[in-house]
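J.: okay, here's the prediction I keep looking at, along with the sequence it came from:
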Amino acid sequence: MTTQLSDADLVGDNPVTDARMTAEHPSPRDAELIEHYLDALWLEKGLSKNTLSSYRRDLSIYACWLNSRQLFLLESSRTDLQSYLNWRVRQRMKASSTSRLLSCLRGFFRYQLREGVLSVDPTLQVESPKRGRPLPKSLTEAEVEALLQAPDLGDALGFRDRAMLEMLYSSGLRVSELVGLQLSQINLRQGVIRVVGKGDKERLVPLGDEAADWLLRYLKEARPALISDSGNEVVFPSRRGQQMTRQTFWHRIKRHGLTAGVAQLPSPHVLRHAFATHLLNHGADLRVVQLLLGHSDLSTTQIYTHIARHRLQSLHQQHHPRG
């Protein structure tokens, strides 16, 4: 494998790097094995397309590395796996992405073991790289307000972006949930949206009055200019009237962040973090935030309590006479 992949290449948020990664494919033998595993995984756990795509990418990268050494996935040994992990360390790839990849490989090889295809699991006694848990990046309330006001409302695309930003901050949606939103999922009378999240799990998310007002105005004033097919259910279409990609919306947010003068250029996920952090800063219960975010495990939500604690400490030091 001649191409050296950086950690950014493994995230899958950049269409340019994704295209470069797919320039080399695993052998047909390994590609078929990977697809068979992903089909079984989808049937067993009902994972989302994005999750399955990440698993396919991780397995394919390791298969390509093996193929370049005249090996196949089912021939992989513990020594091969450790050599590959060492190669990633030399490439200075992040421990978080390596840990995620190793978890994916464990699932793959355990499945082969369960199916009787393998007799030995090469991931046994292979330790995950140690990593700290970084705090998610967030925005202050003033930065969010500046970002919300950045889109040009004289343009249909700008009006659409304003409504999307308002909904992201009001509801804490994942960007994939937002760009895939359908008209049938919205109930403005009750002020809620029905979200289909990871693993096809549904949840009801309330909309704030401000976000609901912007959404209603957008549907009446701007959406008709972006879409000609009355049967198209996509709430936030692209310039071409089709469902927007996550990458396109990321670039739109980046542009609005520059306009707003936000020092830390935001991504769609940063607004989700801001949603959770600001709720906790204003006294929301952690369990409620968990439900709103669609987290299956409370420990995933607890990371935001650290951000809220940092914010409270900062306010205490700034305003308390003994701070």
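T.: Okay, I see it. This one's a predicted model, so the numbers in the text were calculated from it and none came from an experiment.
J.: who's in contact with the nearest residue to L153 once chain neighbours are set aside?
T.: Counting by CB to CB, 6 or more residues apart in numbering, F159 is the residue found nearest to L153 once chain neighbours are left out, at 5.4 Å. C-beta here means a position set from N, CA and C on the backbone, and glycine is covered the same way. Applying CB atoms under 8 Å, 6 or more residues apart in numbering to F159 gives the contacts P151, L153, R217, Y218, E221, A222.
J.: switch those over to CSV; also include distance to G208, secondary structure and pLDDT.
T.: Shown next, in CSV, are these (distance: CB to CB, whole Å; DSSP: H, G, I helix; E, B strand; the rest coil; pLDDT from 0 to 100):
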residue, distance to G208, secondary structure, pLDDT
P151, 18, coil, 94
L153, 19, coil, 93
R217, 14, helix, 94
Y218, 15, helix, 95
E221, 20, helix, 93
A222, 20, coil, 93
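J.: any stretches of the stretch 151-300 of the chain with poor pLDDT?
T.: 197-200, 263, 265-266, 268, 280-300 (pLDDT under 70).
J.: how about stretch 87-104: buried residues?
T.: R88, M93, K94, S96, S97, T98, R100, L101, L102, C104 (16 or more other CB atoms under 10 Å).
J.: no, scratch that, I was asking about stretch 52-59
T.: Across stretch 52-59, burial judged by 16+ other CB under 10 Å covers L52, S54, Y55, R56, R57, D58, L59.
J.: give me the residues contacting that stretch.
T.: With contact meaning CB under 8 Å, 6+ apart, stretch 52-59 is reached by 10, 12, 21, 26, 34-35, 37-38, 41-42, 47, 73, 100-101, 104-105, 107-108.
J.: only whichever of these are buried, select them in PyMOL.
T.: In PyMOL, a selection of the buried entries from the contacts of stretch 52-59 looks like this (16+ other CB under 10 Å):
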select buried, resi 10+12+21+26+34+37+38+41+42+47+73+100+101+104+105+107+108
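J.: now, the contacts of stretch 52-59 that are in helices?
T.: When these are checked against helices (DSSP state H), the matches are 10, 21, 34-35, 37-38, 41-42, 100-101, 104-105, 107-108.
J.: before we move on, back to that, can you put the buried residues of stretch 52-59 in CSV and add distance to V120?
T.: As requested, these are exported to CSV (distance: CB to CB, whole Å):
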residue, distance to V120
L52, 26
S54, 26
Y55, 22
R56, 24
R57, 25
D58, 21
L59, 18
